[in-house]
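Novice: Based on what follows, work out the 3D shape:
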Amino acid sequence: MKITKISKDTLIPTIWDGGETFEYYIYPEKTLYANRDFLFRISVATIKKVPSTFTKFNNYQRFLVMLDNDLNINNNGKKESYTPNDVFKFDSNSDIISYTKGNDFNLMVSKNLEEADVFFLKDTVQLNESFIFLFALNDTSIEVNNEKIDLKKTDLLLIENKDKADVLIKTEHSVLVGSLIV
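Specialist: I've put the predicted structure just below:
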């Protein structure tokens, strides 16, 4: 099992039509976002332009969580709204227009993956997927198999668990958790 902590301040932003994006991790590691050949990508983005059109990705699904504001969108012609307590899961080939400025967390997942999930955790959970990540919504301490790890707001903790061993995660503050089977 390999545990890696990634801080946002170590990342270089790239520009998208509506703002900036910061890539925390892409898998497989030698794939490129621009080539659309990755199995999954973890990032945060700023939405600075209103309205802004979300970039389409054929054969991907996305999990998006607003980090500071509500998300007001038009999703394939239908008005929808999400709070920072909601996980917005959608087909990345959808027509999405955002009418909100703010910051968001993004997980893009190839539809070829067996399983992927994103959820909020403020307690204890045991997972055994091949990749597990924790995104800090605020400064917090967590425990991974009884090892204490301090995270600053917007830090990402990535757990590569290729043997699919049981991983016990404890937190007293809300964190965003993702799990993927590759």
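Novice: Go through the helix or strand encompassing Lys170 and flag the buried ones.
Specialist: When secondary structure is defined using DSSP states H and E, the element that contains Lys170 is strand 167-171. Residues of strand 167-171 classed as buried by neighbour count (16 or more other Cβ atoms under 10 Å): 167, 169-171. All C-beta spots, glycine's among them, are computed from the backbone N, C-alpha and C.
Novice: same deal with stretch 135-142?
Specialist: Taking 16+ other Cβ under 10 Å as the neighbour-count basis, stretch 135-142 is seen to contain the buried residues 135-137, 140, 142.
Novice: Repeat that for stretch 20-28.
Specialist: Under the neighbour-count rule (16+ other Cβ under 10 Å), stretch 20-28 has 21-27 buried.
Novice: quick one: it to chain centroid distance?
Specialist: Computed by Cα atoms, centre = their mean, to the nearest Å, the chain-centroid distance of stretch 20-28 equals 9 Å.
Novice: Looking at that stretch now, give me its mean pLDDT.
Specialist: In this model, stretch 20-28 carries a mean pLDDT of 96.
Novice: now stretch 90-109
Specialist: For stretch 90-109, the mean per-residue pLDDT is 95.
Novice: before we move on, what about stretch 43-62?
Specialist: Averaging pLDDT along stretch 43-62 yields 92.
Novice: Excluding its own residues, what touches that stretch? List them.
Specialist: The list of residues contacting stretch 43-62 from outside it, by Cβ atoms under 8 Å, 6 or more residues apart in numbering, reads 8, 16-24, 36, 67, 89-112, 116, 154.
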